[in-house]
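Asker: Attaching a predicted model along with its sequence, questions to come.
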Amino acid sequence: MSNYEVNVLVNGSRCKIYSHNGKRFIEAKAGSNYVLEIKNNSNNRVLAVSSVDSLNTITGKNEAAETGAGYVLNSYTSTKIDGFRINDTEVAQFKFDIKSNGYAASKKDGSEKNSGVIGIRIFNEKPNPIVNSYITSYINPYIINLNSTGYPTPVYNASNCNSGGKLRNTSTLNSTTFNINEVNLEDCQYSSNLNHTIETKGFDMSTAFGESKESKVVEVAFERECVIESVDLYYATRQSLIEMGVPITNEKQVSFPEPFKESKYCKPPKNWKK
């Protein structure tokens, strides 16, 4: 069992996750609000960076997970991310909608090409973090789309550090349940996770700004180290998922005859005569 759990909740219930070609999918229905639930079942404090349609859910930016803001979870706790953060006390609730109505499409910068994916990156905490340290160096040349499979890109993506590798830089300010961390990642190896064997159809859904909801956060210090868990969930309408080959159709329910049924003796049919 993983130390970390990610669920998508609609009306308080977990969305069913379907597996297909090594990826995970959920069905999206236009107009439905949803919540991201993240559970930390470990005894360590962690940072969870979340993106929806490749946009950081705190800053709204299309940025690398390794530099993006995130939510800090203490050991054996969970959090629910209700929407795109608009200030320290409110979020705009996540709402499934058609692609043209999504937050990504409203940015008018091509972000909508990555509509249809939720990404979570969970980072462990560097031992003995230095609070309010100065940035000694900062490079981030990796904010490029490395995904050429037709799938939307979850979070512009860097994998775990090499064996023995460490992030050599310190961070500045870390936020509330969110964290604004800038680091030098040259010790990490990068992977585009390309899969050229999959032909995709269309991702026809996106996430829009729903109604505002109270959600208070406070700033805390956290210095991230490496990614310890990655979760990508793709979403689309039921019809689009079926076209992609995702096995979401219900199996036909058949009432099978029983070969044996307990009875001491044969019961004669009605109107039977000796």
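Answerer: All right, it came through fine.
Asker: Flag the shaky bits of this protein, pLDDT-wise.
Answerer: Within the chain, the stretches falling below the threshold (pLDDT under 70) are 1, 129-150, 155-201, 250-256, 261-263.
Asker: hmm, try it at 90
Answerer: 1-2, 63-66, 110-111, 127-202, 219, 248-274 (pLDDT under 90).
Asker: any idea which helix is longest in it?
Answerer: Ordering each helix of the chain by length in residues (DSSP state H) puts helix 238-244 first.
Asker: Can you show me the CA trace of it as CSV?
Answerer: In CSV, the C-alpha atoms belonging to helix 238-244 read as follows (Å, rounded to 0.1, in the frame of the first residue of the first chain):
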residue,chain,number,x,y,z
ARG,A,238,-17.7,9.0,-21.3
GLN,A,239,-18.0,8.9,-25.1
SER,A,240,-14.5,10.2,-25.6
LEU,A,241,-13.1,7.6,-23.1
ILE,A,242,-14.9,4.8,-24.9
GLU,A,243,-13.4,6.1,-28.2
MET,A,244,-9.9,6.0,-26.6
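Asker: Pairing partners for the top strand by length along the chain, with directions?
Answerer: Counting by DSSP state E, the longest strand found in the chain is strand 224-236. Strand 224-236 pairs in its sheet with strand 23-27 (parallel), strand 117-125 (antiparallel), by DSSP bridges.
Asker: on that earlier part again, how far does the longest helix of the chain sit from its chain's centre?
Answerer: 20 Å (CA atoms, centre = their mean, to the nearest Å).
Asker: same for that helix, what does it pack against?
Answerer: Contacts defined by 3 or more CB pairs under 8 Å, 6 or more residues apart in numbering; DSSP states H and E place helix 238-244 against strand 23-27. Yep, even glycine has a C-beta here, placed from its N, CA and C like the rest.
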